[in-house]
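K.L.:
Next come a sequence and a model predicted from it.
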Amino acid sequence: MSEPKSYLPAEEREAFLREGRMDALYIAESLRAGEEGDEDTAWAWLAQGQMPAEVLLALKWNLGPDFIRKKGLKTELADEAYGKGWMEKEKYTEKSLQG
């Protein structure tokens with residue numbers, strides 16, 4: 001998979017890479033792309049990393065499961081938290097803390 005267009009200055013990008021802070025890089029790139037008015041690239045940067053389950057759940061409620069799929073967002077963390085098929089359920093139940 002190729003990376004989306006970068007809007008960050010080279011030195012800022014290199015600092016994230018040097019420190020191994022990939023999720024922070026993806027967020028910074030997304031924010032910068034959004035500031036430049038490139039919404040598609042902003043979402044493409046977010047799709048590079050893992051979004052917290054709570055964020056994906058909020059996206060589902062506000063924009064629908066098809067939006068999450070269309071943007072190519074990774075759902076592994078939400079699948080673990082809410083169970084497989086959580087995007088198709090009107091209500092979800094979190095994984096039991098027991099057992």
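P.N.:
That came through fine.

K.L.:
Please count neighbours and contacts with C-alpha atoms only from this point.
P.N.:
Fine.

K.L.:
The chain: helices as residue ranges?
P.N.:
10-19, 22-35, 39-46, 53-63, 65-71, 76-82 (DSSP state H).

K.L.:
and Met87, what does it touch?
P.N.:
Applying CA atoms under 8 Å, 6 or more residues apart in numbering to Met87 gives the contacts Lys60, Pro65.

K.L.:
now do Trp43
P.N.:
Per CA under 8 Å, 6+ apart, neighbours of Trp43: Ser30, Lys71.

K.L.:
And for Asn62?
P.N.:
For Asn62, no contacting residues are found, by CA under 8 Å, 6+ apart.

K.L.:
ditto for the one 3 residues further on
P.N.:
In this structure, Pro65 makes contact with Leu59, Met87, Glu88, judged by CA under 8 Å, 6+ apart.

K.L.:
now do 7 Å
P.N.:
Contacts for Pro65 were tallied using CA atoms under 7 Å, 6 or more residues apart in numbering; they are Met87.

K.L.:
distance of Glu14 from Lys5?
P.N.:
15 Å (CA to CA, to the nearest Å).

K.L.:
And for Leu63?
P.N.:
25 Å.

K.L.:
Now do the domain split for this structure, please.
P.N.:
The record's domain parsing of the chain by automatic domain parsing lists 1-49, 50-92.

K.L.:
least reliable of these going by mean pLDDT?
P.N.:
Per-stretch mean pLDDT for those is lowest at domain 50-92 (a mean of 91).

K.L.:
And the pLDDT at Glu94?
P.N.:
Looking at Glu94, its pLDDT is 51.
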